[in-house]
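**Q** sequence and computational prediction follow.
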There are 2 protein chains.
Amino acid sequence: MNNEREFRTVRGYQILDAESKALTASMEDYLEMIYRTCGEEGYARVNRLAERLNVRPSSTTKVIKKLKDLGLVNYQKYGVIKLTEKGKALGSFLLKRHEVIEEFLKILGVEETRLKDTEMIEHDVSISTLRGLYTLNRFLRESPDVMKQYEAFRIKLKDSDDFL
Amino acid sequence: MNNEREFRTVRGYQILDAESKALTASMEDYLEMIYRTCGEEGYARVNRLAERLNVRPSSTTKVIKKLKDLGLVNYQKYGVIKLTEKGKALGSFLLKRHEVIEEFLKILGVEETRLKDTEMIEHDVSISTLRGLYTLNRFLRESPDVMKQYEAFRIKLKDSDDFL
DNA sequence: AAACTTTATTTGTCATATCTAATAACCAGA
DNA sequence: TCTGGTTATTAGATATGACAAATAAAGTTT
């Protein structure tokens, strides 16, 4: 048997991805938040981002510089942060991705940890998985009867709980 | 409106989690692989783990030491690695979690990147999400008719593709 | 038991992503 | 225009998790 599937540590993938020039998870978080903030407030600033992301302004400055180097934002020292076209496109994808995952977790019935789970998971889903989630969301959204069956099943299982 | 949800970067959560003494993603990978390997081969060794995880033995040594400090494995220099009772319990949970996620991705129709996605996502799901996935897997597994509907829906959507 | 092979450890490096403390630039009111 | 408050940057520190190269211990073979 060649049952040796290619396992990797998470960090292994991060290194792999960094080589193919994608954003890091952290940069994705910042970009997504810039996109949100520009949408809601017209522009973004270091302190505002830091506040919304629960990090220090100094950390934010560093990341903004990287995003600028990648041509995703326009920015100069002490100024406002705005997205380039490229940044808007990416930002909009990131936000959409977030929403797809969050909707899915809502369907699953995750309440308490939904935002946290979304923020953890969003960086790690491939396009393929994301499409799958999107499709499943739609399927369940558009089939209320199935959704009802599912909810009934969930409740039924709640007591006869053989896992966890 | 107090619409200020508590956003965090991934690293933000990692730091939060580290304080509550959980394993890091990396340590989980190693522990899961030790569990697999002990199951399949009776025991684990540094080189074997390094090989299966696609890392270097030197990296492995470091992590094994940490797992030992946490009371999850028995190990001494140049020896074999075995799980403590605590380690077995955790390892078994980690493997189960892996399987739940992988089954779900299979249902979603993720093929190419299924293993990779699983390995990325598994560290990031809460118990609550995991339960949800487990339940959904069972629901779909036990309702072949719904599964068929879902597959039909997926195929129908494939052409009229309004997302990605 | 000496030589050779396999296995594992040590040491030092690199990159990411955070933080704190000190400093600098900007801006508005008196 | 000076000056105080806000905003942002810089510099230096810490932690994680990976790597390679050199070294050391253990095991095997004759």
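**A** Done, it's in.

**Q** who does residue A:81 bridge with?
**A** residue A:44 (DSSP bridges).

**Q** what number of residues lie near it?
**A** 23 (other C-beta atoms under 10 Å in any protein chain shown). C-beta: built from backbone N, CA, C; applies to glycine.

**Q** same check, this time on residue A:5
**A** Neighbours around residue A:5, by other C-beta under 10 Å: 7.

**Q** list the contacts of the closest residue to it other than its chain neighbours.
**A** Spatial nearest neighbour of residue A:5, chain neighbours left out: residue B:115 (5.9 Å); criterion: C-beta to C-beta, 6 or more residues apart in numbering or on different chains. Residues near residue B:115 by C-beta atoms under 8 Å, 6 or more residues apart in numbering or on different chains: A:5, A:6, A:7, B:102.

**Q** in which helix or strand would I find residue B:115?
**A** helix B:114-121 (DSSP states H and E).

**Q** can that helix be said to contact DNA strand C?
**A** No. Taking C-beta under 7 Å from any atom of the strand as the criterion, helix B:114-121 and DNA strand C are apart, separated by no less than 14.1 Å.

**Q** now the angle from that helix to helix A:114-121?
**A** Interaxial angle of helix B:114-121 relative to helix A:114-121 (axes from the mean of the first three to the mean of the last three C-alpha atoms, to 10 degrees): 130 degrees.

**Q** what's the closest non-adjacent residue to the residue of chain A found nearest DNA strand C?
**A** Residue nearest to DNA strand C within chain A: residue A:24 (2.8 Å; C-beta to the nearest atom of the strand). Leaving aside its sequence neighbours, residue A:24 sits nearest to residue A:18 (C-beta to C-beta, 6+ apart; 6.9 Å).

**Q** which among the contacts of residue B:115 end up buried?
**A** Among these, those buried by neighbour count (16 or more other C-beta atoms under 10 Å in any protein chain shown) are A:7, B:102.

**Q** want to throw the contacts of residue B:115 into TSV with distance to DNA strand D and pLDDT?
**A** Formatted as TSV, the contacts of residue B:115 follow (distance: C-beta to the nearest atom of the strand, whole Å; pLDDT from 0 to 100):
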residue	distance to DNA strand D	pLDDT
A:5	17	78
A:6	13	82
A:7	11	89
B:102	20	97
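
**Q** which of the contacts of residue B:115 sit farthest apart?
**A** A:6 and B:102 (14.1 Å; C-beta to C-beta).

**Q** what segments of chain A are strands?
**A** For chain A, strands defined by DSSP state E occupy the ranges A:73-74, A:82-83.

**Q** so for residue B:67, which of those strands sits nearest?
**A** Of all the strands of chain A, strand A:73-74 comes closest under C-beta to C-beta, at 41.2 Å.

**Q** I'd say the residue of chain A closest to DNA strand C and residue A:14 touch.
**A** Yes. Using C-beta atoms under 8 Å, residue A:24 is in contact with residue A:14, at 7.3 Å.

**Q** what is the burial count for the residue of chain A closest to DNA strand C?
**A** 16.
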